[in-house]
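Student: just a sequence and a predicted model for now, questions to come.
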2 protein chains.
Amino acid sequence: MNGMVMNRITLLAFVGIIGIALLSCGEPKQPASNNAANVFDKGDKITNNNFKGDVWLKNLVVADSSNPNAVGSVTFSPGARTNWHSHPAGQIILAIDGVGYYQEKGSPKKIIKKGEAIKCPPNIAHWHGASADSPFVQVAITGREKGETVWLEPVSDDEYNH
Amino acid sequence: MNGMVMNRITLLAFVGIIGIALLSCGEPKQPASNNAANVFDKGDKITNNNFKGDVWLKNLVVADSSNPNAVGSVTFSPGARTNWHSHPAGQIILAIDGVGYYQEKGSPKKIIKKGEAIKCPPNIAHWHGASADSPFVQVAITGREKGETVWLEPVSDDEYNH
């Protein structure tokens, strides 16, 4: 009888322990990657053909007569990328989260990571996006004083993977 | 006797539940605030007299002939702030983490929070910094094409607290 009671005690305690452990820690801790992505709102999904894959844009600053720069936060899902394009006044990319790719025409693809900054020179064709395995969040600072972005051809899978 | 056994079962289960709940969730989750502050390196402590309190600067982009913008990440400890100053080509502030203050001369102080952006117009005296109770991390985008920042008088405690 005592043995059965102890078994019941043990079983109940065990079930209680497991149940509460699951309940209290059931929500997985978000990886740092996802937390940092929340610095800025994700914004709206981009629906034009200048991008491939799932990409979101949150406009943060609009250029005006006293400020030539447009600033936006762009979130690329893994594998998503811009088409080739160039900016008449260049662009600055700040990597806010994740791992991305950046390539200028004629140069090797670079890997860019959270915390890094890249200057795209004026009128140099380039593309950027998420790496194959990780989302990528960037802030783009784009001078509008010399005109709008010039959009070019899509980045092929060969170019993306090379 | 059955009553005592049930009490022991209940007590043991209860102790087990509480113990495991404490153990498995003992490490406090870092507030989002601390994670996001690590997007950029904190950089070096600013030692000039244009700031009050503990402030760190990480230069991310240096202006050059093809790119007029300097970009830096600035970390203010609670209560720390710039002096009053103005920028000949204006400035954009992106709030990366924490809670800060921003004030233009003659206007009320504004509270700025993680994820928000502010445009400081050219030649308007203003200051910014952390709120009294929270650190503040900002990215500053400063056009250098019309000259350097004009530094003015310190922000008094009265102005800071008002």
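Tutor: Great, that's in hand.
Student: can you tell me how far the closest residue to A:G53 other than its chain neighbours sits from chain B?
Tutor: With Cβ to Cβ, 6 or more residues apart in numbering or on different chains as the criterion, A:G53 has its nearest non-adjacent residue at 2.7 Å, and that residue is A:A80. Heads up, the C-betas are built off the backbone N, CA and C, glycines and all. In this view, A:A80 and chain B are 21 Å apart by Cβ to the nearest Cβ, to the nearest Å.
Student: correct me, but A:A80 touches A:K52?
Tutor: Yes: in this structure A:A80 lies within contact range of A:K52 using Cβ atoms under 8 Å: 6.3 Å.
Student: between the two, what contacts are shared?
Tutor: Taking Cβ atoms under 8 Å, 6 or more residues apart in numbering or on different chains as the criterion, A:A80 and A:K52 both touch A:G129.
Student: A:G106 - how many residues pack around it?
Tutor: Around A:G106 sit 7 other residues, with neighbours defined as other Cβ atoms under 10 Å in any protein chain shown.
Student: over to A:N50?
Tutor: Neighbour count for A:N50, taken as other Cβ under 10 Å: 14.
Student: now swap in A:N161 and tell me
Tutor: For A:N161, the number of neighbouring residues by other Cβ under 10 Å comes to 10.
Student: same question, A:E153
Tutor: Residues near A:E153, counting by other Cβ under 10 Å: 11.
Student: residue contacts, the residue nearest to it when sequence neighbours are not counted?
Tutor: For A:E153, ignoring the flanking residues on the chain, the nearest one in space by Cβ to Cβ, 6+ apart is A:W84 at 5.6 Å. A:W84 makes contact with A:K105, A:A125, A:H126, A:W127, A:W151, A:L152, A:E153, A:P154, A:V155, according to Cβ under 8 Å, 6+ apart.
Student: again, only using 6 Å
Tutor: By Cβ atoms under 6 Å, 6 or more residues apart in numbering or on different chains, the contact set of A:W84 is A:A125, A:W127, A:L152, A:E153.
Student: you'd agree the residue nearest to A:G53 is up against A:V55?
Tutor: Yes: the pair A:A80 and A:V55 qualifies as a contact (Cβ atoms under 6 Å) at a distance of 5.0 Å.
Student: would you map the strands across chain A?
Tutor: With strands called from DSSP state E, chain A shows them at A:44-45, A:51-52, A:55-61, A:69-76, A:81-82, A:85-86, A:91-104, A:110-113, A:117-120, A:126-130, A:136-143, A:150-151.
Student: residues in contact with the fifth one?
Tutor: Read it as strand A:81-82. A:F51, A:K52, A:W127, A:H128, A:G129, A:V155.
Student: how about 8 Å then?
Tutor: Taking contacts as Cβ under 8 Å, 6+ apart, the residues outside strand A:81-82 that touch it are A:N50, A:F51, A:K52, A:G53, A:V55, A:Y101, A:W127, A:H128, A:G129, A:A130, A:V155, A:Y160.
Student: start and end of stretch A:110-118, how far apart?
Tutor: The first and final residues of stretch A:110-118 sit 10 Å from each other (Cα to Cα, to the nearest Å).
Student: in contact with A:I118, which residues are there?
Tutor: Contacts for A:I118 were tallied using Cβ under 8 Å, 6+ apart; they are A:I92, A:I93, A:A95, A:Y102, A:K110, A:I112, A:H128.
Student: switch to 6 Å and redo it
Tutor: Under the contact definition (Cβ under 6 Å, 6+ apart), the residues listed for A:I118 are A:I93, A:Y102.
Student: which strand residues bridge it?
Tutor: Here A:I118 shows beta-bridge partners A:I93, assigned using DSSP bridges.
Student: any idea how far it is from B:V71?
Tutor: 11 Å (Cβ to Cβ, to the nearest Å).
Student: same question, A:K105
Tutor: Following Cβ to Cβ, the distance that separates A:K105 from B:V71 is 24 Å.
Student: low pLDDT regions in chain A?
Tutor: When the per-residue scores of chain A are filtered using pLDDT under 70, the ranges that remain are A:1-37.
Student: how about 90 then?
Tutor: Per-residue confidence of chain A (counting by pLDDT under 90) places the weak regions at A:1-38, A:65-66, A:145, A:162.
Student: ok, now which ones touch the residue nearest to A:D54 when sequence neighbours are not counted?
Tutor: Residue nearest to A:D54 in three dimensions, not counting chain neighbours: A:S77, with 4.1 Å by Cβ to Cβ, 6+ apart. Taking Cβ under 6 Å, 6+ apart as the criterion, A:S77 is in contact with A:G53, A:D54, A:P135.
Student: the first one against A:P78, yeah?
Tutor: No: contact criterion Cβ under 6 Å: A:G53 and A:P78 do not qualify, at 8.0 Å.
Student: which among the contacts of A:W84 end up buried?
Tutor: Buried residues within these, defined by neighbour count using 16 or more other Cβ atoms under 10 Å in any protein chain shown: A:A125, A:W127, A:L152.
Student: now for the closest residue to A:C120 other than its chain neighbours: which residues touch it?
Tutor: Closest residue to A:C120 apart from its sequence neighbours, by Cβ to Cβ, 6+ apart: A:Q91 at 4.3 Å. Residues near A:Q91 by Cβ under 6 Å, 6+ apart: A:C120, A:A140, A:T142.
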